[in-house]
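Participant: fold the following and give me the result.
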Amino acid sequence: MILEKFIKSALLVTAFSLFTVAPSLADEVEHNHLEKGNQLYEQQKYEDAEIEYRKAKEAKHESQMAKFNIGDALYKQGQYKEAGQFFEELTKENLDDETKASAYHNLGNSLLKQQQYNTSIDAYKNALKLNPDDNEARYNLEYAKAKLKEQQQQQQNQNKDQNKQDQKDKQDQQNKDKQDQKDKQDQQNKDKQDQKDKQDQQNKDKQDQKDKQDQQNKDKQNKDEQNKDQKDQQNKDKQDQQNKENQDQKDKQDQQQQNQQQQGQQNKDQKKPERKQNEISKQDAERMLKALENEEKVLQKRMKIPKNKKDGKSKRGAEGNIEKKW
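Facilitator: Got it, this is the predicted structure:
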């Protein structure tokens with residue numbers, strides 16, 4: 001607010017009319033547009049005023065008055081950079097001290113608005129050299145110096161804060177890098193452990209598969225052996241049964257043959273004269289002895305063939321002891 005109060009924006013109109021002795025048509029056109037522009041400027045119609053000032057400059061390209069007032073109109077529209085370009089151009093032209101001082105003053109104002117405090121200070125100093133009585137330029141010079149000091153202090157604080165922030169960022173980055181390195185190492189260790197676990201699992205699966213296959217082979221072998229033993233036992237039982245049947249058949253045939261022999265002998269004896277009661281001939285005794293011996297052999301054979309599987313004894317064990325009756 002203080003800056004706006006002391007900004008100087010002087011319109012150049014009458015000063016340049018003193019240089020005109022015999023106005024030309026271009027001068028009249030320029031003058032008319034300048035007058036119209038000044039009226040619009042006073043009405044704060046700065047954009048329309050700018051248009052009239054530019055028309056005045058088109059009518060007379062070297063018109064310093066038109067340049068100055070275009071700069072003023074642009075400044076009022078907030079176009080500080082463009083306004084400063086017009087004021088800076090005027091400072092390089094051949095102007096009287098008062099007009100050039102006003103150009104430097106307004107250049108300083110344009111630079112001040114852009115926060116270019118160093119260059120605005122230089123502009124105000126040049127204005128005061130040409131017009132030491134310009135109190136507004138002197139005030140704005142001190143204001144620009146204060147703003148420069150404030151800017152420098154802010155810059156120092158910003159630099160200090162930036163340094164702190166940079167240091168913090170650097171420390172954070174170091175911590176992050178350290179954490180990243182730790183995370184990377186942890187991940188490598190995890191991957192290594194996972195690989196080991198995977199290999200262990202594969203080995204375990206392989207061993208389990210081998211054990212399963214071994215068990216299957218063992219079960220198959222046991223089953224084969226059981227089947228073989230069962231088949232062998234069946235064959236043995238069948239053979240034993242066959243042998244028993246054969247032996248029984250033979251014993252039956254032997255018994256039949258013996259019975260036939262005894263019957264034949266009895267028939268023969270019946271034809272001989274009767275002997276004395278209770279008298280046995282030698283031949284009868286031999287036949288009886290032979291019959292008993294045959295009967296004993298038959299009983300012994302029957303005692304050897306089939307045996308009881310539970311206790312290993314012959315089924316005819318009770319008949320094992322044979323007493324001879326003679």
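Participant: can we go C-alpha only for contacts and neighbour counts from here?
Facilitator: Will do.
Participant: and the residue nearest the centre of the chain, how far from Lys198?
Facilitator: The centroid of the chain falls nearest to Gln187 when counting by C-alpha atoms, centre = their mean (11.7 Å). Relative to Lys198, Gln187 is positioned 16 Å away (C-alpha to C-alpha, to the nearest Å).
Participant: what does Gln154 give?
Facilitator: Relative to Lys198, Gln154 is positioned 62 Å away (C-alpha to C-alpha).
Participant: swap in Glu52?
Facilitator: Counting by C-alpha to C-alpha, the gap from Glu52 to Lys198 is 88 Å.
Participant: which of those two has more residues huddled nearby?
Facilitator: Neighbour comparison, Glu52 and Lys198: the larger count goes to Glu52, with 25 against 12 (by other C-alpha atoms under 10 Å).
Participant: identify the residues contacting the more buried one.
Facilitator: Glu52 is in contact with 33-34, 36-37, counting by C-alpha atoms under 8 Å, 6 or more residues apart in numbering.
Participant: want to throw those into TSV with neighbour count?
Facilitator: TSV is the format used below for these (neighbours: other C-alpha atoms under 10 Å):
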residue	neighbour count
His33	22
Leu34	27
Lys36	15
Gly37	28
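Participant: surely Tyr80 and Gln115 touch.
Facilitator: No: counting by C-alpha atoms under 8 Å, Tyr80 stays clear of Gln115, with 10.6 Å between them.
Participant: low-confidence stretches in this protein?
Facilitator: Within the chain, the ranges that satisfy pLDDT under 70 run 1-23, 269, 271-280, 304-326.
Participant: wait, a strand at Glu93?
Facilitator: No: applying DSSP: H, G, I helix; E, B strand; the rest coil, one finds Glu93 to be coil, outside a strand.
Participant: report how many residues lie close to it.
Facilitator: Neighbour count for Glu93, taken as other C-alpha under 10 Å: 10.
Participant: what sits against it?
Facilitator: Contacts of Glu93 (C-alpha under 8 Å, 6+ apart): none.
Participant: and stretch 144-159, which residues are buried?
Facilitator: Buried residues in stretch 144-159, defined by neighbour count with 16 or more other C-alpha atoms under 10 Å: 144-145, 147-148.
Participant: grab the nearest non-local neighbour of Ile51.
Facilitator: Once flanking residues are discounted, Ile51 sits nearest to Gly37: 7.7 Å by C-alpha to C-alpha, 6 or more residues apart in numbering.
Participant: using PDB, write out every CA atom in whichever strand or helix holds that neighbour.
Facilitator: Following DSSP states H and E, one finds Gly37 within helix 25-42. The C-alpha trace of helix 25-42 is given here as PDB (Å, rounded to 0.1, in the frame of the first residue of the first chain):
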ATOM      1  CA  LEU A  25      -0.300  16.500 -40.200                       C
ATOM      2  CA  ALA A  26       1.500  13.700 -38.400                       C
ATOM      3  CA  ASP A  27       1.900  16.000 -35.400                       C
ATOM      4  CA  GLU A  28      -1.800  16.800 -35.400                       C
ATOM      5  CA  VAL A  29      -2.800  13.100 -35.700                       C
ATOM      6  CA  GLU A  30      -0.400  12.300 -32.900                       C
ATOM      7  CA  HIS A  31      -1.700  15.200 -30.800                       C
ATOM      8  CA  ASN A  32      -5.300  14.100 -31.300                       C
ATOM      9  CA  HIS A  33      -4.700  10.500 -30.300                       C
ATOM     10  CA  LEU A  34      -2.600  11.600 -27.300                       C
ATOM     11  CA  GLU A  35      -5.400  13.900 -26.100                       C
ATOM     12  CA  LYS A  36      -8.000  11.200 -26.500                       C
ATOM     13  CA  GLY A  37      -5.800   8.700 -24.800                       C
ATOM     14  CA  ASN A  38      -5.200  11.100 -21.900                       C
ATOM     15  CA  GLN A  39      -9.000  11.500 -21.500                       C
ATOM     16  CA  LEU A  40      -9.400   7.700 -21.400                       C
ATOM     17  CA  TYR A  41      -6.500   7.400 -19.000                       C
ATOM     18  CA  GLU A  42      -8.100   9.900 -16.600                       C
END
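Participant: got a list of contacts for it?
Facilitator: Helix 25-42 has contacts (C-alpha under 8 Å, 6+ apart) with 11, 13, 46, 48-53, 55-57, 59-60, 66, 73.
Participant: list the buried residues for that helix?
Facilitator: Buried, per 16+ other C-alpha under 10 Å, within helix 25-42: 27, 29-35, 37-38, 40-41.
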